[in-house]
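Colleague: Kindly return the folded structure for what I paste below:
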Amino acid sequence: MPPVSHEPISPRSPRVAAARRLARRNFRGKDRLFLAEGPQAVREAAAHRSGGRPVLVELFATADAAERYADIVAAAREADARVHLAAEETVADISTTVTPQGLVGVCRFIDTPFDEVLAARPRLVAVLAHVRDPGNAGTVLRCADAAGADAVVLTDASVDLYNPKAVRASVGSLFHLPVAVGVPVERAVAGLREAGVRVLAADGAGDRDLDAELDKGTMGGPTAWVFGNEAWGLPTETRALTDAVVRVPIHGKAESLNLATAAAVCLYASARAQRAPGGCRSVTEN
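Modeller: A predicted model of the protein is given here:
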């Protein structure tokens, strides 16, 4: 178990510089490392293993946070992570948040190859196509985790999974389910179909109504939902790839739902249908 120094690490330390640069995508890709900030994310990272190895490799903690979250520091040491006490200014320098919570972890990349996602025969999948806002991406990942999804797929036109804002918005869910990245949307849809998954596009202009689909009993089988860009939704060519384009009904006067809310409604609708008697059949009606 690595020792913990009782002296704060120097803000000029190469370890601090290496962690600080992970705020930039090119360095994350080069080092295959990313930042997990705050107690929840660090706790989940310390408990997670990928490819048989601990994910958390380094932890920077203020003295106050190390005392307040002693269990997380202990878990980090159990995971063989290097633990550094650091001044608040040093942690703030590494952190990408306005109000750091005193803990910043450095983690190994944990994305899952798309072929492995397919080989697991998933029942419920969220596909993020053209999603550019990292906060939305992380929130949808959190919704997918809460709904019991088996995987999330980020297409090559979507935001970086390891963007610090996306990691924060996932609130630890990043470490709970497989996430494939950089998959062309055509490959994602074709692969899921070959795995026996019905692929639905979520779009406010869809010609099918989510409530009607539930009433018809067509939602009980393995399903992937494709979610599009926050501002302009899904391109026509992407919608054309899917089995159906489904809209969430608006019963009130709201103009629309935001991406994360629509994703939560769709994923929970599928989760409920799949858990009903006779749900999650291998072949579904279209």
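Colleague: Now do the helices in the stretch 101-250 of the chain.
Modeller: 114-119, 134-146, 164-170, 185-194, 210-216, 236-241 (DSSP state H, counting those that start in this stretch).
Colleague: closest one to Val153 among those?
Modeller: helix 185-194 (5.2 Å; CB to CB). In short, each C-beta sits where N, CA and C put it, glycine included.
Colleague: Distance-wise, check the closest residue in space to Arg142 that isn't next to it in sequence relative to Phe60.
Modeller: With sequence-adjacent residues excluded and distances taken as CB to CB, 6 or more residues apart in numbering, Arg142 is closest to Ser173, at 4.4 Å. Per CB to CB, to the nearest Å, Ser173 is found 23 Å from Phe60.
Colleague: Look at these two and report which has more neighbours.
Modeller: The neighbour count for Ser173 versus Phe60, taken as other CB atoms under 10 Å, is higher for Phe60 (31 against 24).
Colleague: Give the pairing partners of the host helix or strand of the more buried one; include direction for each.
Modeller: Using DSSP states H and E, Phe60 sits within strand 56-61. Strand pairing for strand 56-61, using DSSP bridges, gives strand 82-85 (parallel), strand 103-108 (antiparallel).
Colleague: in the chain, which spans are strands?
Modeller: Shown for the chain, the strands assigned by DSSP state E span residues 33-37, 49-50, 53-54, 56-61, 82-85, 103-108, 124-128, 151-155, 179-183, 198-202, 208-209, 223-227, 244-247.
Colleague: out of those strands, which comes closest to Ile94?
Modeller: strand 103-108 (5.0 Å).
Colleague: pull the helix or strand with minimum mean pLDDT from the chain.
Modeller: strand 49-50 (a mean of 90; mean pLDDT, DSSP states H and E).
Colleague: which one of the strands paired with strand 56-61 is the most hemmed in?
Modeller: Most buried of those by mean neighbour count (mean count of other CB atoms under 10 Å) is strand 103-108; its value is a mean of 26.
Colleague: Could you list the low-confidence segments of the stretch 1-150 of the chain?
Modeller: In the predicted model, the stretch 1-150 of the chain carries pLDDT under 70 at residues 1-6.
Colleague: Go again with 90.
Modeller: By pLDDT under 90, the low-scoring segments of the stretch 1-150 of the chain are 1-11, 50-52, 96-100, 130.
Colleague: Could you double-check that Thr90 sits in contact with Arg12?
Modeller: No - Thr90 lies out of contact with Arg12 (CB atoms under 8 Å); the separation is 9.6 Å.
Colleague: Which residue of those two possesses the greater neighbour count?
Modeller: Neighbours per residue, other CB under 10 Å: of Thr90 and Arg12, the larger number sits with Thr90, 23 against 8.
Colleague: and that one, what does it touch?
Modeller: Thr90 makes contact with 8-9, 11, 16, 60, according to CB atoms under 8 Å, 6 or more residues apart in numbering.
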